[in-house]
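K.L.:
Sequence and predicted structure, then a few things I'm wondering about:
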Amino acid sequence: MLKLFTSHHVASRCRNRNSHKLARRAFFSTLTDSKPTDTVSAKPCLEDCQTVVALPLLRKPLIPGFYMPLFVNDPKVLAALQESKSGQAPYAGAFLLKDDKYSSTASSSSSFETVNILDRLKGKESLNKIHQVGTLAQILSIQGEQVILIGRKRLQITEMQSEDPLTVQTHHIKDKPYDKDDEVIIKATYFEVISMLRDVLETTSLWRDQVQTYTQDIGGSNYRKLAETILQKRRRKFTGFGAGIFDANDLNYKKLTGFGAGVFDANDLNYKKLADFGAGISGANKHKIQEVLEELDVHKRLVLVKKQVEVNKIQVFHASIFPESTAKTVEDKQEESGSAKYVKKTRPSDKFRERVDIKLSLEEIPKHVVKVMEEKFEKLDRGEKDCRSTDSIYNYLDWLTALPWGECSNDSFDVLRAEKILDEDHYGLHDVKERILEFIAVGTLTSNPQGKIICLSGPPGVGKTSIARSVARALNRKFFRLAVGGLSDSSEIKGERGIYIGAAPGKMVQCLKEVGTENPLVLFDEIDKLGKSSRDDPEGALLELLDPQQNTHFLDYFLDVTIDLSKVLFVCTANDTDKISGPLLDRMEVTELAGYTTDEKMHIARDYLLKNVKRKCGIKPEQVDVSDTALLSLIENYCGEAGVRNLQKHIEKIFRKIALKLVRQQAFAKAAMTDLKSSETAAEGSIELTNEYLRLADVLKVFEYAVGGGPTREKSREIALKLGRQQASTKAAMTDLKSYNEYLRLKELEYTLGVSEKSRAVPEKFTIDASNLSDYVGKPVFCGEKIYEQTPVGVVMGLAWTAMGGSTLYIETTFVEEGEGKGGLHITGHLGRVMKESAEIAHTVSRRIMFDKDPGNLFFANSKLHLHVPKEPRQKTVQAQAAQ
Ligand SMILES: Nc1ncnc2c1ncn2[C@@H]1O[C@H](COP(=O)(O)OP(=O)(O)OP(=O)(O)O)[C@@H](O)[C@H]1O
């Protein structure tokens, strides 16, 4: 019957009756039987939960009855947990990892257990990496990536159900029944543990929050509150059990005493509970706690706990007698459990030590870096006399400890999701998209997506930079763009040596600090325009970065420690790969992006550029309509380009103009309203003035009446005169008022008309078509492709390829003068070395043919010819204009 109540209800009833016994029983039943609470789930059935999502734990196993906050970074696992929580069985399985190498900040006081190693635990072997005995954990709350669990029962994995997310089939394991004869021994051990625990708890604040959580009445509605409190406190980096979830003063020792006293009348459940409780609050090594979890013999379990509590008790006792050594004891203890927590808060290096402890995973930081850190910490704490060198150590540590050692974003190797993202952001570009999907596919199969450096090559504005950004989004990696065009100093990449004043690390280190992960996508933009100077060559530095053989030990001169950049995905862009040096090009896999056809540009403009620009300018889609003819005209007559950057700029120009019109209209209306309001205020002021006149006139009338029957006529006359004057001025005021009112009425009318007039001037919807396009973007820059209706003699049309894309061009030749020995070719215009040579060869070949066919013809020998290639092939040439 009691089990039907939440412990909270029962506890309040118990308080009324002043009976603790009932409350204790209710508490046990809540923990033991896990009856559902109204806020957690409708009706979760504990026994039915055989198939659960397996959560690998890094720091310690989850003991039944204890809460555990977790960070779960894997979206799939989070989704599975969400689903369980909202369903009938809000449970998951919590299993300790066998291998220590995964442990992140294994500090007993660190904020959260982190389940971000899930990606390293894919596949069947993942099952071998976790202990087979774990805990059925109830999911109390999920907020973002933060999940709060409470342990319920022991579980054993029987088989794996699915790999991603890791789901396992389990069976609930029960404690071994113990012999009645053994009960005396168990009871004795039980009392020993109770008394030891009580001693420890009375002399130290360690574990108080755990005790509080374990022993308080966790009613259904209190679960959420508890979860929130835990999260809040953890977020504020309340570390250590002592500074834990509740104020230490709140701890009700009577409860613990009561808990202990409960043994006299309790059934055998209490032995098990106490063993779990002791294991949970002891700061024992995780493997020892796992031993307790796996131990099904209740007596043996109690003995294990007793040993651990004994160690704790000695430590606490020692600390109370030798306070000097307290910090050391705690430090030792933490070191023992695999963490390094720096207790003293007064050292100059504490800021950095804490940063390393809280933010980073010490075990993930390479050993040589840890060594350097320690040396610098000591140097800083020793305090150099020269404050300049202290400053430089401080600056150095600020960089070194801010790097994301061991922090990686989870790669998303979901091909379908990636395809969707790439299509969402870009039209066409099939080759690039295919290459990226191949990369993801290899990543899925090998869990190692590294390979050659991708180089996207093509004319400007074809989307090289923006597709790289989308790739980062598709892979769930951070994006960092590094423009290397014109970069001529290798220190920009490799950093400056610390001996220089104001030295700073190179761009790569800055990138890692900024993105906060070890595996971002770094884009080297315009690598073909890499600068060079006589004294420095940044290419060598880039080679070191991009070469997979070398970048595992990339040395930044400022940090002077090697960094592993092998997890970074490098992508480069170039307009012309011919300008990239051989060794650099050799390390890349070039993917060409050709220019777009008019049809493709129309698609991009309509489906991507228009939408993006509208959104950026804050214009609603229904407010503007750009017709296809306008877009076509923009493409053909305004933007002679292979990409779409100019087209985008023109569209932006149109929308900026429309935005100005809309805003101006709103500003007019606003100003008119303000004017109207101020004229109303003026009118009100004038009315008040006139009312004062009228009031005065009334007073005068009364006065006139009173004086009318006054004692002296002289006096009356005098007053009457005054009255007459005042009446006259009142009348004048009345006239003024009337005319002023009339004036206001007219003014108001004028404003109203004005406002509506102005609002009528701006249409509600703007339509841009070929007819009004020039109002927004000016006159067309380019004319059609065909300059000549009929190409004149001496002019030929050619096809050209440049880094800017493909184009047509006219080659114009004309005869200049004739005279003996004057034959020759004068070349001008926009020609490269190869084209100049071609023109000369053409001249020689023509002369040779003429000589063979008609040796007497001296045209080439005596005629001076001029060949010209206009700079902008599509703009009208002088000759063409003259010809027209
Ligand atoms: N296929 C496409 N689909 C949608 N938008 C595109 C496409 N190609 C280019 N764009 C858009 O054109 C604009 C210019 O692209 P981007 O800056 O990436 O060009 P780029 O090739 O890197 O040029 P550059 O060589 O000058 O750096 C971006 O806003 C981009 O979104």
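P.N.:
Looks like it arrived, so ask away. Numbering: from 1, shown residues only.

K.L.:
drop to CA atoms for contacts and neighbour counts, all remaining ones
P.N.:
OK.

K.L.:
Neighbouring strands of the top strand by length along the chain in the sheet, and parallel or not?
P.N.:
The longest strand of the chain (DSSP state E) is strand 146-162. Applying DSSP bridges, strand 146-162 is found paired with strand 67-72 (antiparallel), strand 133-143 (antiparallel), strand 167-172 (antiparallel).

K.L.:
nearest to the ligand, of the ones you listed?
P.N.:
Comparing those by their distance to the ligand (CA to the nearest ligand atom), the top pick is strand 67-72, with 33.2 Å.

K.L.:
picking that back up, of the strands paired with strand 146-162, which stretch is the most buried?
P.N.:
strand 133-143 (a mean of 25; mean count of other CA atoms under 10 Å).

K.L.:
avg pLDDT for that one?
P.N.:
For strand 133-143, mean pLDDT rounds to 87.

K.L.:
per-domain residue ranges of this protein.
P.N.:
The record's domain split for the chain, according to automatic domain parsing, is 2-32, 342-400, 415-592, 609-782, 795-883.

K.L.:
Look up how far G856 lies from the closest residue to the ligand within the stretch 151-300 of the chain.
P.N.:
Here the stretch 151-300 of the chain gets closest to the ligand at one residue, D164, 33.3 Å apart by CA to the nearest ligand atom. According to CA to CA, to the nearest Å, D164 and G856 sit 87 Å apart.

K.L.:
Over to I619?
P.N.:
Counting by CA to CA - I619 and G856 are separated by 74 Å.

K.L.:
ok, these two, which is more surrounded?
P.N.:
Taking neighbours as other CA atoms under 10 Å, I619 and G856 compare with I619 leading, 17 against 9.

K.L.:
Please state the backbone phi and psi of that one?
P.N.:
Torsion angles at I619 (phi, psi; degrees, to the nearest 10) stand at phi -100, psi 130.

K.L.:
Which residue lies closest in space to it, excluding its sequence neighbours?
P.N.:
A659 (7.0 Å; CA to CA, 6 or more residues apart in numbering).

K.L.:
wait, that neighbour sits on C617?
P.N.:
Yes - if you go by CA atoms under 8 Å, A659 and C617 touch, sitting 6.9 Å apart.

K.L.:
These two: who's more crowded?
P.N.:
A659 (16 against 13).

K.L.:
and that one, what helix or strand is that in?
P.N.:
helix 645-708 (DSSP states H and E).

K.L.:
got it, and S771?
P.N.:
Secondary structure assignment for S771, by DSSP H and E: no helix or strand.

K.L.:
Next one, pLDDT for it please.
P.N.:
Predicted confidence (pLDDT) for S771: 83.

K.L.:
what about it, neighbour count?
P.N.:
Quick note: S771 (other CA under 10 Å) scores 9 neighbours.

K.L.:
same check, this time on I453
P.N.:
20.

K.L.:
Measure how buried the spatially closest residue to it that is not a sequence neighbour is and give me the count.
P.N.:
Closest residue to I453 in three dimensions, ignoring its sequence neighbours and counting by CA to CA, 6+ apart: M588, at 4.7 Å. M588 sits with 19 neighbouring residues when counted by other CA under 10 Å.

K.L.:
what about stretch 473-488, start to end distance?
P.N.:
31 Å.

K.L.:
just stretch 563-580 next, same as before
P.N.:
Across stretch 563-580, first to last residue, CA to CA, it's 26 Å.

K.L.:
tell me the mean pLDDT for stretch 864-882?
P.N.:
On average, stretch 864-882 scores 61.

K.L.:
What helix or strand is V834 located in?
P.N.:
Using DSSP H and E, V834 maps to helix 833-853.

K.L.:
other SSEs contacting the helix or strand just after that helix?
P.N.:
Beyond helix 833-853 on the C-terminal side, the first helix or strand identified by DSSP H and E is helix 859-862. With contacts taken as 3 or more CA pairs under 8 Å, 6 or more residues apart in numbering; DSSP states H and E, helix 859-862 sits against strand 824-829.

K.L.:
can we see that at 7 Å?
P.N.:
Judged by 3 or more CA pairs under 7 Å, 6 or more residues apart in numbering; DSSP states H and E, helix 859-862 is in contact with no other helix or strand.

K.L.:
Just the buried positions in it, please.
P.N.:
F860, A861, N862 (16 or more other CA atoms under 10 Å).

K.L.:
Could I get these in a markdown table, plus columns for distance to V133?
P.N.:
What follows is the buried residues of helix 859-862, written out as a markdown table (distance: CA to CA, whole Å):
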| residue | distance to V133 |
| --- | --- |
| F860 | 97 |
| A861 | 99 |
| N862 | 101 |
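
K.L.:
Could you single out the nearest of those to the ligand?
P.N.:
Among the buried residues of helix 859-862, and counting by CA to the nearest ligand atom, the member closest to the ligand is F860, at 44.3 Å.

K.L.:
re the thing from before, tell me the phi and psi of the residue of the stretch 151-300 of the chain closest to the ligand?
P.N.:
phi -130, psi 100.

K.L.:
Contacts only, for D537.
P.N.:
S488, D489, S490 (CA atoms under 7 Å, 6 or more residues apart in numbering).

K.L.:
redo that, cut-off 10 Å
P.N.:
Applying CA atoms under 10 Å, 6 or more residues apart in numbering, we find D537 in contact with L487, S488, D489, S490, S491, L530, G531.

K.L.:
do the same with A842
P.N.:
A842 touches K836, R848, counting by CA under 10 Å, 6+ apart.

K.L.:
Just after the helix or strand bottoming out on mean pLDDT in the chain, pick out the following helix or strand.
P.N.:
When the helices and strands of the chain are scored by mean pLDDT, DSSP states H and E, helix 20-33 comes last with a mean of 34. Heading C-terminal from helix 20-33, the first helix or strand you meet, by DSSP H and E, is strand 51-57.

K.L.:
Show me what from this structure comes close to the ligand.
P.N.:
425-429, 459-466, 575, 604, 608, 644-645 (CA under 6 Å from any ligand atom).

K.L.:
which among those end up buried?
P.N.:
Buried among these by 16+ other CA under 10 Å: 426-427, 429, 459-465, 575, 604, 608, 644-645.

K.L.:
So which bits of stretch 294-306 are buried?
P.N.:
E294, E295, L296, V298, H299, R301, L302, V303, L304, V305, K306.

K.L.:
can you check stretch 847-864 too?
P.N.:
So, applying 16+ other CA under 10 Å, buried residues of stretch 847-864: R847, M850, F851, F860, A861, N862, S863, K864.

K.L.:
what are the ranges of the helices in the stretch 501-650 of the chain?
P.N.:
With DSSP state H, counting those that start in this stretch, the ranges of helices along the stretch 501-650 of the chain come out as 507-515, 538-546, 582-586, 598-604, 610-617, 628-633, 645-708.

K.L.:
tell me the secondary structure for K174?
P.N.:
coil (DSSP: H, G, I helix; E, B strand; the rest coil).

K.L.:
Next up, the contacts around it.
P.N.:
Residues near K174 by CA under 10 Å, 6+ apart: K153, R154, L155, L296, D297.

K.L.:
Need the per-residue pLDDT for it.
P.N.:
Reported pLDDT for K174: 82.

K.L.:
Could you do A504 as well?
P.N.:
For A504, the predicted pLDDT is 81.

K.L.:
and it, how many neighbours?
P.N.:
23.

K.L.:
do you know how far it is from T577?
P.N.:
In terms of CA to CA, A504 sits 31 Å off from T577.

K.L.:
Any buried residues in stretch 413-425, and which?
P.N.:
Neighbour-count burial for stretch 413-425 flags F413, V415, A418, E419, I421, L422, D423 (criterion: 16+ other CA under 10 Å).

K.L.:
Does the fifth one touch L437 like I think?
P.N.:
No - using CA atoms under 10 Å, I421 makes no contact with L437, being 11.2 Å away.

K.L.:
Find residues that contact each of those two.
P.N.:
V415, V471, A474, L475.

K.L.:
Checking S412 next. Helix, strand or coil?
P.N.:
coil.

K.L.:
Without its sequence neighbours, what residue ends up closest to it?
P.N.:
Nearest to S412 is L475, by CA to CA, 6+ apart, at 4.9 Å.
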